[in-house]
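[1] model this:
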Amino acid sequence: MTRSPLIIGHRGASAEAPENTLAAFRAAIDAGADGIEFDVQLSKDGVPVVIHDATLERTGLRPEAIAGLTAEELGQTDVGSWFNRKHPKLARPEYRLEMVPTLERVLDLCGNFDGLIYLELKVNVPDYRSLAVAVCDIIRNSPRLPQMIVKSFRLGAIPVVRHYLPQVQTAALFEPSIMTMLRRRRHMIAIAHEFGAQQISLHRSLASRKLSSLAAEAGMPVTVWTADAPKWIGRCRDRGIRALITNDPRRLSETASKGI
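    Here you go, the predicted structure:
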């Protein structure tokens, strides 16, 4: 992979298919994305499943919490129909058959994919250790392990991952609200390093030239999220940002390939 920046599908190609579904991941791969990104949390029976929200209210059109249902129950829950309702011009009948996938099922889909795979640990409960360990147990024997980056806003999960699976790459996630606690952006690099992260993943509003330069000096690749405007291709190149996470990997992959 030599394209700059690398184009990563946010929850798959979520601009054209229901997020965090097999359909969205297939669409991102078919679009030529350099990687995919998705969210992982635990079902009631301790199985890592791929979904963003803590409940099914938005994407499953049901009130239950993810942690209150088994992986089998989630695997029978329609998380595609909401997309058809919200985006009628993009609707497809087959999206109604998209259910909450397990992490193992998503990795099976990536069996022949040689791009990056970003796994975000969605720590919606205090027990982030159980999620980190369960994910490590699944990915440790994957032939795609060298392509994976495990990331989280809950920085305490990073040393757990590093302990159980020291060979996997990890990234510290930072959102704009971090600046209410820090005086300077450069402190993010020190914090990420202290928790053992090898990379940082930033909201685009935090990705200044200065921070990108300091991260490069520290040997920490930078990924920005979530940017759909083509102008971010040039900004990433100018700031030395390795990868850009986007809802629309098809559009940005075409832009990046044209050298725009």
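[2] C-alpha only now, for contacts and for neighbours.
    Will do.
[3] Scan this protein for its longest strand.
    strand 35-42 (DSSP state E).
[4] counting contacts, what elements does that one pack onto?
    Strand 35-42 is packed against strand 6-10, helix 22-30, strand 48-50, strand 116-121, with contacts defined by 3 or more CA pairs under 8 Å, 6 or more residues apart in numbering; DSSP states H and E.
[5] 6 Å instead?
    In terms of contact count using 3 or more CA pairs under 6 Å, 6 or more residues apart in numbering; DSSP states H and E, strand 35-42 is assigned the packing partners strand 6-10, strand 48-50, strand 116-121.
[6] Just name the most buried of the ones you listed.
    Mean neighbour count (mean count of other CA atoms under 10 Å) peaks for strand 6-10 among the helices and strands packed on strand 35-42, with a mean of 31.
[7] Report the angle between it and strand 35-42.
    40 degrees (axes from the mean of the first three to the mean of the last three CA atoms, to 10 degrees).
[8] quick one, strand 6-10 and strand 116-121 angle?
    Using the same axes, to 10 degrees: strand 6-10 against strand 116-121 is 40 degrees.
[9] quick one: strand 6-10 to helix 22-30, angle?
    Going by the same axes, to 10 degrees, strand 6-10 makes 170 degrees with helix 22-30.
[10] Format the helices and strands packed on strand 35-42 as a markdown table; extra columns: distance to Trp225 and mean pLDDT.
    Shown next, in a markdown table, are these (distance: least, CA to CA, whole Å; pLDDT from 0 to 100):
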| stretch | distance to Trp225 | mean pLDDT |
| --- | --- | --- |
| strand 6-10 | 8 | 98 |
| strand 48-50 | 19 | 98 |
| strand 116-121 | 12 | 98 |
